[in-house]
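[1] Pasting the sequence and the predicted coordinates here, then a few questions.
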Amino acid sequence: MRRIIASATMLALALAAAAAGKTSQTTRPFTVDDLLKVRRVSDPQVSPDGRWIAYTIADTDKTANKRTTQIYLIPTEGGEPRQLTSEKQSSSEPRWAPDGKRIAFVSARDGESQVWTVEITEAGAGALRKTTNISTGADGPVWSADGKWIAFTSEVYPDCANDECNKTRAEQAAASKVKAKIAERLLYRHWTTWKDGKRSHVFVAPADGGEARDLTPGDYDAPPFSLGGPTDYAFSPDSKELAFTRNTDKIEAISTNADIFVAPVGGGEARRITGENSANDASPQYSPDGRYIAYRAQSQQGFESDRWRLMLYDRKTGQGHSLTEQLDSSVEGFTFSPDSEKVYLAAGERGRQPVYEIALSGGPIRRVIAEGFNDDVQVTRDGKVLILTRQSLSRPIEIYRAATNGAVLTQLTKTNDASFAEFGLRSAEEVTWEGAAGAKVHGFITKPANFAATRKYPLLVLIHGGPQGAWSDSWSYRWNPQVFAAAGYVVFSPNPRGSTGYGQRFVDEISGDWAGKVYTDLMNGVAYVASMPYVDRERIAAAGGSYGGYMVNWIEGHNNDPRAKFKALVSHAGVYNLTSMYGVTEELWFPEWEFKGTPWTNPDMYARWSPHMFAKDFKTPALVIHGELDYRVPVGEGLQLFTALQRQGVESKLLVFPDEGHWVLKPQNSELWYNTVLEWFDRYLKPKAQP
């Protein structure tokens, strides 16, 4: 009996070894070039009759150093996708007309970006019509419910009463030999651009073409700048009113007090409906029956990472209340059910993003899709089907459908499935450890596709930005763990204090404590993972961007933990000198909240947590990366760091992108970024090949 069992075991092991050998022969490492070739699916939009989904795919042309986006259609029941647009210029933001016969979209096919409409036929694309013709360009189309109007945004000079004035001003600026900038107030530049006196305004234009009207005149941005989230303007179901977001505070650089306004589509004064809240209100959306406006709101003025609650404003009574007090997480996208009785929403939780259902009448919030990282949730008009996007650390975004109770989740698009089959990317592994004050801290480990438990791998620690952000089980193009894992590293992505998805208290505990509890959380996590039998604790490196770059800079002056010492560091767009950072950044509400004042009202805190104060202890080889168009963390922060490293005699390298901002986005620049980072780590963490 034992002999039979032993023989069977040996046979099983032989078969497993053969299978492993076969796998290793049929898979290949996932490279930077492969990452650039990934087709980027986004923005699904369900047709009014529920038969079709319009969506976009962005493809990278590395030689041309650009990405082009086109619009596709796929049946909600599944099937082969159809390409709807195919011009050399990008077409994006597809939005269905209420009757389902046309799609509005944005394209620069004849110069400036404008809103176009295309008829939808059984064969695909039909007649094409240009809807807007405004000199300042158009973006973000939204249909009125009666199909007569399209709202959009445009960057205009607020003192211009018509488009001819805007056109003349722009032509004069372009023709002038003087390119000097003049500012008389704060927030004169933002992220990657100078304001130049322009404002974002919401316009409406006839859907069949005609003159556009400015519904949000004045020297304010409507909507304010946003890095993402739901659209910040919407038509009422009777098409007579438009709700939009605007911040009217005098000093924008220190204010997060955006409010919801409503204005008559036919013209007239806008009315503020959220004036009692001194913090952010955004993303208005009318219920299908017209009774309510749902919107997202924060409660802490000046704190951009406060919890986003879902609010419900009753248009009859003028009163509002929170629907999500019981949800200790920020609401991302949301949508009403067709009967106006429920809202479906997505919110982060421990590195994933479930889909929830909540009744407007009250009651417990119910998870309808508990697993995965889900977003872009929509409901078909019959109320039976959810359409959403889903992604993971090992798979980019694709579009899915499910019943509204979460059952029968089905993948519809399979844009990258065939190409990804050859990589054998491993799913994220979760890990939990004890951080500061006994807190349970969570993160992810990504292993090489050909991982062997008997080997020892160098460890790469990725530190996320924000600091109120998080690593999640989702796909990334800028900090992709799979690229590093494929290069032979075990990648650790920790979510210490400040990380979102673990309750608002966990988020709050980093403010005023930028290298306190969070540093303990990180180092305890690094020590824990370094003790794994497959990790070589003598070969550990760290990299991070923005706040992650700040923490790398802090580690540079505090690399003395005997449990885990770093052999190499990479700081991308990292904050280095907190005092100088305050004077050159633009969103001043951020440092004033995080460090409880200004450098002259609270100098001790700025000095206490500033990495530049510890330059005398810099010893670890460091690669410094920055973009010259980065106004969020200006390039001087990186230059100061590199200067200190060089003067201290520390091995260091500087990589500066003149044409990038806070993020490296251009394909060839991204390729250089990844290759430079990998070469830096290989130099210090991988033994030289022996002859």
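    Noted; the coordinates are in hand.
[2] check contacts around W593.
    Residues near W593 by C-beta atoms under 8 Å, 6 or more residues apart in numbering: G302, F303, E304, S511. (Glycine included, C-beta is placed from N, CA and C.)
[3] My understanding was that the second one contacts T256; is that so?
    Going back to what we said before, that points to F303. Yes. If you go by C-beta atoms under 8 Å, F303 and T256 touch, sitting 7.0 Å apart.
[4] Those two - which one has more neighbours?
    The neighbour count for F303 versus T256, taken as other C-beta atoms under 10 Å, is higher for T256 (24 against 21).
[5] Let me see the confidence value for the nearest residue to that one once chain neighbours are set aside.
    Closest residue in space to T256, ignoring its immediate chain neighbours: N280 at 4.9 Å, by C-beta to C-beta, 6 or more residues apart in numbering. pLDDT for N280: 97.
[6] Number the chain from 8, please
    Okay, using 8 as the starting number, the last item reads as N287.
[7] In contact with N287, which residues?
    Applying C-beta under 8 Å, 6+ apart, we find N287 in contact with T263, N264, A265, R303, A304, Q305, E311, D313.
[8] in the stretch 358-507 of the chain, what spans have low per-residue confidence?
    Counting by pLDDT under 70, the stretch 358-507 of the chain has no low-confidence residues at all.
[9] try 90 this time
    369 (pLDDT under 90).
[10] what ranges do the strands span in it?
    362-366, 373-376, 380-386, 392-399, 402-410, 417-418, 436-441, 447-453, 464-470, 497-502 (DSSP state E, counting those that start in this stretch).
[11] how far away is the nearest residue to D335 once chain neighbours are set aside from E339?
    Nearest-residue entry for D335: G510, 4.6 Å, with adjacent residues in sequence omitted and distances by C-beta to C-beta, 6+ apart. Computed with C-beta to C-beta, to the nearest Å, the distance linking G510 and E339 is 16 Å.
[12] can you give me the helices in the stretch 58-207 of the chain?
    Secondary structure of the stretch 58-207 of the chain by DSSP state H, counting those that start in this stretch: the helices cover 170-182.
[13] okay, G510 and E339: which has more neighbours?
    Shown here are G510 and E339; by other C-beta under 10 Å, E339 has more neighbours (20 against 15).
[14] ok, the more buried one touching D382?
    Yes. Look at E339 against D382 with C-beta under 8 Å: they come within range, at 6.5 Å.
[15] Against L352, how distant is the residue nearest to D335?
    G510 sits at a distance of 17 Å from L352 (criterion: C-beta to C-beta).
[16] Same question for A71.
    A71 is 39 Å from L352, by C-beta to C-beta.
[17] Please apply the same query to Q511.
    16 Å.
[18] So which of the two has more stuff around it?
    Neighbour count, other C-beta under 10 Å: between Q511 and L352, L352 has more, with 23 against 16.
[19] Which residues does the more buried one form beta bridges with?
    F341, Y363 (DSSP bridges).
[20] who are the neighbours in contact with it?
    By C-beta under 8 Å, 6+ apart, the neighbours of L352 are L317, T331, V338, E339, G340, F341, T342, V362, Y363, I365, V384.
[21] Can you tell me which of the residues you listed lies closest to K626?
    Nearest to K626 among the contacts of L352 is E339, at 41.6 Å by C-beta to C-beta.
[22] E248 contacts A241, correct?
    No. Using C-beta under 8 Å as the test, E248 is too far from A241 to be in contact (9.3 Å).
[23] among the contacts of L352, who's most crowded?
    V338 (28 neighbours).
[24] Quick check on N264: phi, psi?
    The phi/psi pair for N264 (degrees, to the nearest 10) reads phi -90, psi 60.
[25] how far away is it from V514?
    Using C-beta to C-beta, one obtains 20 Å as the distance from N264 to V514.
[26] E84 and W59, how far apart?
    Taking C-beta to C-beta, one finds E84 at 10 Å from W59.
[27] Give me the more crowded residue out of these two.
    When E84 and W59 are compared for neighbours, W59 comes out ahead with 20 against 12, by other C-beta under 10 Å.
[28] Read off the pLDDT value for that one.
    pLDDT recorded at W59 is 97.
[29] Please name the bridge partners of it.
    Applying DSSP bridges to W59 gives these bridge partners: P82.
[30] ok, it - contacts?
    Going by C-beta under 8 Å, 6+ apart, W59 touches V53, L80, I81, P82, T83, I127.
[31] Tell me the buried residues within those residues.
    V53, L80, I81, T83, I127 (16 or more other C-beta atoms under 10 Å).
[32] For A549, state which of those residues is nearest.
    The shortest gap between A549 and any of those belongs to I81, at 41.6 Å (C-beta to C-beta).
[33] Tell me how many other residues surround the nearest residue to the closest one once chain neighbours are set aside.
    Spatial nearest neighbour of I81, excluding adjacent residues (C-beta to C-beta, 6+ apart): P88 at 4.3 Å. By the criterion of other C-beta under 10 Å, P88 has 18 neighbours.
[34] before we move on, what about G370?
    With neighbours defined by other C-beta under 10 Å, the count for G370 comes to 9.
[35] any idea how far K349 is from it?
    10 Å.
[36] And the strands in the stretch 208-357 of the chain?
    Under DSSP E, counting those that start in this stretch, the stretch 208-357 of the chain gives strands at 220-221, 240-242, 248-253, 266-271, 278-279, 288-293, 299-304, 316-321, 327-329, 338-343, 349-354.
[37] Which strands border the first one, and is each parallel or antiparallel?
    Just to be clear, that refers to strand 220-221. With DSSP bridges as the test, strand 220-221 is paired with strand 206-213 (antiparallel).
[38] Check the average confidence over the partner strand, would you?
    Averaging pLDDT along strand 206-213 gives 97.
[39] Report the inter-axis angle for it versus strand 248-253.
    Interaxial angle, strand 206-213 versus strand 248-253 (axes from the mean of the first three to the mean of the last three C-alpha atoms, to 10 degrees): 170 degrees.
[40] from what I can see A477 touches L469, true?
    No. In this structure, A477 is not within contact of L469 by C-beta under 8 Å, at 11.8 Å.
[41] between those two, what contacts are shared?
    Counting by C-beta under 8 Å, 6+ apart, nothing touches both A477 and L469.
[42] Least confident secondary structure element in this protein?
    Least confident element among the helices and strands of the chain, by mean pLDDT, DSSP states H and E: helix 9-33 (a mean of 38).
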